[in-house]
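> Pasting a predicted model and its sequence here:
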Amino acid sequence: MLKPGLSAIRMVFSLFVFFSLSSSAAETPPFNLSSLGSTNGIPLFRWQPYPATVSYEVFTSLSPEGPFVPATNVVGIGYDFSPSDSGEMTFYRVKATSMPLAQLLDTTLLNRLAYGPTPDELARVRSIGPDAYIEEQLAPELIQESLDILPEGTETNWVYATATGTASSSTLYVYLGGAGAFFIDDIKLVEGSVPEVGTNLLVNGDFETDLTNSWQVPPNLILSSLSPTAHSGTNGLSLVATEGGSTANNALLQVISPALRSSRAYTLSYWYLPTSNSSALTIRLSGSGIVSTPDSAPNVALARLYQRLLSGTATLPELRSWYVQHAIRSKKQLLEVLTQFLENHFVTQYTKSHDYFDGFYSGNAIPNTLATQAEFKEITRWREALANPACTFYDLLKISVESPAMIIYLDTVNSRGSGSRIANENFARELLELFTFGVDNGYDQNDITTLSKCWTGWSVGLMDPTNSHNPFAPTLRDQNPGVAYSNLIGDWSFIYKQQNHNTSSKVIFPGAKVPARFGEPWAGRAYELNLPSRNGTNGIEDGYQVVSHFADQPFTSEYISVKLCRLFVHDDFDHGYDFTSSDLSDEGKLVRECMLTWENSTPKGQMRPLLRTIFNSQLFRSHAGSMQKVKTPLEFTVSAIRALRSENADGTATADSDGFAIVGNSPSSSSASLNRMGSMLLFDRSDPDGYPESGPGWISAGTLSERLRFVQSFLIAPGQTGKSEGGANNVSDPVALLKKKLAPGTWADAGAVTDYFVDLLYPAEGKANLELYRASAIDFLNSDNGGVQTSASLFQNLVPNGTAQQIAEYDLRVRGMISMLMTFQRFQEQ
Amino acid sequence: MQHLNLITRRGFFDRSMKIGLGVALSTLVDIPLVVKQALAEGNIGRNGKKLLFIFLRGANDGLNSMIPVLDPSYATSRPSIALGRDPGVDYTAAGACDFFLSGTGPTYGYDQAIKLGNGFAGIHPSLKFLAPMYNAGDLALIHRVAYPKQSRSHFDSQNYWENGNPGNNLSKDGILYRAMVESGLAHTSPLTGISIQSSLPLILRGSKAAMTNLTDPSRYDLLGVPNNELGNNKADLAIKKANGFPFADKRSRELLKLQYQNLNNTLKIFSDLDFSDAGNTFVDDINTDNDYPYHLFPTSNAKNGGYVRSATTNAAEKYVVNPNAYGFFTNLKAASLILNNTDAIVAGTEMGGFDTHGDQGGAVGSHANLQKRIGWALYALQKYFTKYSNKANWDNLVVVTLSEFGRTTIENSDQGTDHAEAGVMFVGGGAVHGGAYNCGPADPVPWEVGPTGSMFGASKRYLKRATDFRSILGEILREHLGATDSQMARIIPGYADPDENLRTGGISSIDKVAITGELNII
């Protein structure tokens, strides 16, 4: 490469990579020179960073045969260097040492099998090794976890709570966050900071006398009353809410007389006993000078949400909050990832279910909870299935076709094929196009029409709980004719209306044979499906025979394998490979391997061997799988919380979210983060193809702006401006994390602090490739809020454990630096 | 100067596996995004033309908006809600769209059908502000627009209008999304298609490119830590600097880099735009309606028509739209500002409340209030894009209203109307061939009057369609935005199919109804 004009300097430049024994492109991508130029006669070499590089080293020699020695005359860092002019012909080599693939894999696993690394999980996977992590996550039934379980004694014992604050008013509110019930007794409010010391300024706080002259009861709490369940004395208060409250007209209220003295300290104390599925309790003064929210500890709040989901009283925001909190906190990360995959594959829609149930009940409250329950039941059944080591795709497919949410969503619920009636084709079309074979892959419109007849009669009905698994049992309406639905208590379940079924015999895929492109062992196989004429309750077998047949076909194994490869490896797997071609790409080969695993497991389509095939593949375990995807809004928000979340012994953590701060407080919450990042409404997608899996579907300037605002708000300290922006209840304490993980002597060391967080946030990028990020972060730490560096602003001069002001300054600086790192492009990737 | 493989492409690993390392650029399977732009066909986004859409959700009652005054069945079908004829007006006479009211004050009181001047029809008096634009030849009022095998479900029918695929109610992406992808600019330009409403509508949705929906454009800036001017600035600079850091090649990194750049560019542009109410300084260029110049976008009482007139004037006569409309006009203003000040090609928003099953009202009432908003919105857009034009002007803009279906001919027992078939579309813009379409006996598919005529032509109950909505949108996409024929076939499936007759007109192959095809409105 002669450079004209450079006197007497001829250089040859080559780059090589220090690589492992294997030499596939996935494992050793090419290493390229980006540009070759000069400044003032000094040559400048620049190369494109090599993936996951931990160091670049430059060697020189006077002759092409060597020996090459480390160059001493280089200037510059990172990706470029300039040698000084030696006057002689000089040969240069650059060596890029990439991270060992096993180390790369640690991060890939946490990015794909989990919703991103946490500080503790990253360390744990690095120590137990990738294969151990994979086997652990493939078997969620063996992972011990108590996320949805209430701490012992929470239900059966009266709990004491206190709160001290200043008098912002003389009105006391008592309310629940949603529907539910609590027992409360012995509420006291005393002057000063010590509970129960002094005169109780409240009247009838022990609930020994009637509520009438002491407490005002709003309409949503009208079912509250005195109760023999008492902490002391004869009575306690049974507080029963039909709706949540927050302020004067929907809270139990007492006006304290004589009035409290403004800004003086007062202390509230009381005993409470929740019932199993209550929403959160709040007791506070108007103006919130004193606020008590017991049971808001994350573990208890989550367990309560779960109880409400089980009892069918939960609303959609509660389901979403529970779901997102699980994604953040669960140890069974792969189970969470697979749940979301299934939820987004077998798409159903809350709003459609709501509208269906709306026809049977007046008001919104019951349709809301029923539609939520339909979603919760379906994901619960999938999660239970995945906990079985022998779980197959057929099991998961069967759960979907039996799900009331699916029966309603794709209009099977009213589809009739008896007599001259034409069946509704929506489910048949999407079953083939989206759930099993993939679009136009082995079927045509005639098959859809015939298939639609198989599902006629599949419907939903309100059943006595003892009958809810029997589609042939009479419904509660059958058993209680003329009784309004609102007076019937039961479960909405899958039922089979034999009178609506098309009983004729049916042939699907007549004469069809698997195309040649599939290769051995499938090519040429006949896959025609013959369904005999079936009457009465036997008609239900049409549907089951169909899904059993579909699950065994190579079209299905191809379609699902491609989807799973796209989820776990990278976005560029295609449908329709010619598996017989000698030119078959690595991606095509992996899909074929997955299909063979599916074919050869007994029964076919077992999920764990299929996943293992992907996780053991070269593509997954190398650069080809590392950092090649973009996070969806759900993955982005959850991974942001997780990235800074280390759990403490007392159950708190260095970063957390109450879930609602991400998903919003109402079904269509337009201000919720997930909505703003591109309308990712969990459980409520209107299009059956599911939310996009690839980057272009999510990344535009507008959605990026929302993502950045989310992490920025997350890093802002509670109470500061901008905090409530993305949801005030996404909280982080990066300084607490830092103090947990770094030695005290290094807390004011910009280099040490930066190194820790750069590795935490970009673990697969490679130290050498992160030089500029590191420099930016150190720069940030060393400059003041305006970006100016002075001796006073230097990070080493901050005092992490000094006065309140010094602590605050240190905290602000660290938060700002991490916020900056998390707004960079690299954090959008997984 | 020698460059080796500046950016490796997705197919590179693929290819290099087969051929060996060191493969030339020419064999690359996937081409860089910037190159895609250069290779795109057609002119969408390149000819300066823009589109603004307003979806009227709930099904706008076309028969009371664009009124077949001279169809005797109109008045007899709607005893309570029909608009009356002004006895002093000859609706059969050709001429300008106009009406007369004595006095020199604002003409809010007019409550009869306004003569359209095509010899047959009128418009709702609340649409009076459409008259100037119509008379200037910039507004096409198109009646009897629908699609075959009409669905009477709001959800399904809105989906068909938005995905351009009637009959496929669960289809995955929108017409305007496909148009933006065809432009080749979807990944490289900061803003191509944008909506200002609560979430991205189907018409702009698709999985290969993320169109932008802004629930609130004033949010389009970043938060520093601390969140004040200094802190925000420090954060901004850091991100900008990091955008320039070189990176190892991975999928999506080029997309991310481009979109981060787009974000920076758009932040810069947006920071100069004032989306707040205080920044709403856009006013009419004449004394509006015999009054003083009104604000074009009513976003608060103080900016709503003649609010500043005497305190004793009846509120209904002061306002040009009712106060419930402020949210809509805030969004419309944002969409207009963006279209006017950025390279966005398509912008839109929605207006709800059209599902007037009961108490619809005639000259006044819920339907009338909605017509006031439509009338004022189009008037305001014409003024805004003329007087305050920057990157967009009225001659380069087309504004179109969409609605999922029209409403029943005969009013129901609640003095309202129910779901039906054909409705109206309004298309405005400097390049539009204005006029009344499909609303007269001399039209290509004639309007037949009477109890066996067009108003009962579908299922003996509903106004029968004469034009498919896809023909209207198709012509706009082709003639105005500059899509090629092959692009049209991808943007609107079946557009090129001669059996469907969407372009040239004829008999629909689906239900054998006579349709006009494109109406030459551009």
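Great, that's in hand.

> what sits up against stretch B:304-320?
For stretch B:304-320, contacts defined as Cβ atoms under 8 Å, 6 or more residues apart in numbering or on different chains pick out B:106, B:108-109, B:129, B:288-289, B:291-292, B:294-295, B:298, B:301-302, B:321-323, B:326, B:372, B:376. Just so you know, the C-beta spots here come from the backbone N, C-alpha and C atoms, and that holds for glycine as well.

> Repeat the analysis, applying 10 Å as the threshold.
B:105-106, B:108-109, B:129, B:288-292, B:294-295, B:297-298, B:300-303, B:321-323, B:325-326, B:329, B:364, B:369, B:372-373, B:375-376, B:379-380 (Cβ atoms under 10 Å, 6 or more residues apart in numbering or on different chains).

> Residue ranges in the stretch 101-250 of chain B under the pLDDT threshold?
Residue ranges of the stretch 101-250 of chain B with pLDDT under 70: B:168-171.

> mind showing which ranges of the stretch 301-450 of chain B have poor pLDDT?
B:316.

> For A:R642, list the residues it contacts.
A:110, A:114-119, A:121, A:327-329, A:333, A:653, A:655, A:657.

> change it to 7 Å
The neighbours of A:R642, taking Cβ atoms under 7 Å, 6 or more residues apart in numbering or on different chains as the test, are A:115-118, A:328.

> Skip ahead from the helix or strand in which it is found and say which helix or strand is next.
Element membership of A:R642, judged by DSSP states H and E, is helix A:633-643. Note on helix A:633-643: by DSSP H and E, the next helix or strand toward the C-terminus is strand A:655-657.

> so what strands line up beside that following strand?
strand A:730-732 (antiparallel) (DSSP bridges).

> Which residues outside the lengthiest helix in chain A are in contact with it?
Longest helix in chain A, counting residues (DSSP state H): helix A:365-386. Residues outside helix A:365-386 that contact it (Cβ under 7 Å, 6+ apart) are A:140, A:309, A:312-316, A:319, A:335, A:338-339, A:342-343, A:348, A:350, A:353-354, A:357-358, A:361, A:391, A:395-396, A:399, A:403-405, A:492, A:607, A:683.

> Just the ones of those in helices?
A:309, A:316, A:319, A:335, A:338-339, A:342-343, A:350, A:353-354, A:357-358, A:395-396, A:399, A:404-405, A:607.

> Just the buried ones out of these, please.
A:309, A:316, A:319, A:335, A:338-339, A:342-343, A:350, A:353-354, A:357-358, A:395-396, A:399, A:404-405, A:607 (16 or more other Cβ atoms under 10 Å in any protein chain shown).

> average pLDDT across the helix holding A:R642?
Mean pLDDT, helix A:633-643: 97.

> who wins for most neighbours among the contacts of A:R642?
A:Y115 (30 neighbours; other Cβ atoms under 10 Å in any protein chain shown).

> Chain B versus A:Q720, what's the distance?
Look at A:Q720 and chain B: by Cβ to the nearest Cβ, to the nearest Å, they are 7 Å apart.

> right, I mislabeled it, should have said A:A643
16 Å.

> That residue: what's it in contact with?
A:116-117, A:760-761.

> how far is stretch A:294-311 from where the chain is centred?
Between the centre of stretch A:294-311 and the centre of its chain there are 18 Å (Cα atoms, centre = their mean, to the nearest Å).

> could I have it exported to CSV, CA atoms only?
Output of stretch A:294-311 as CSV, limited to C-alpha atoms (Å, rounded to 0.1, in the frame of the first residue of the first chain):
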residue,chain,number,x,y,z
PRO,A,294,-47.8,-0.9,55.1
ASP,A,295,-47.4,-3.9,52.8
SER,A,296,-45.8,-1.8,50.2
ALA,A,297,-42.6,-3.8,50.6
PRO,A,298,-42.0,-5.2,47.1
ASN,A,299,-42.3,-8.8,48.1
VAL,A,300,-45.6,-8.3,49.8
ALA,A,301,-47.1,-6.1,47.1
LEU,A,302,-46.2,-8.6,44.5
ALA,A,303,-47.6,-11.5,46.4
ARG,A,304,-50.8,-9.6,46.9
LEU,A,305,-51.1,-9.0,43.2
TYR,A,306,-50.7,-12.7,42.6
GLN,A,307,-53.5,-13.5,45.1
ARG,A,308,-55.8,-11.1,43.3
LEU,A,309,-54.9,-12.7,40.0
LEU,A,310,-55.7,-16.1,41.4
SER,A,311,-59.0,-15.0,42.8
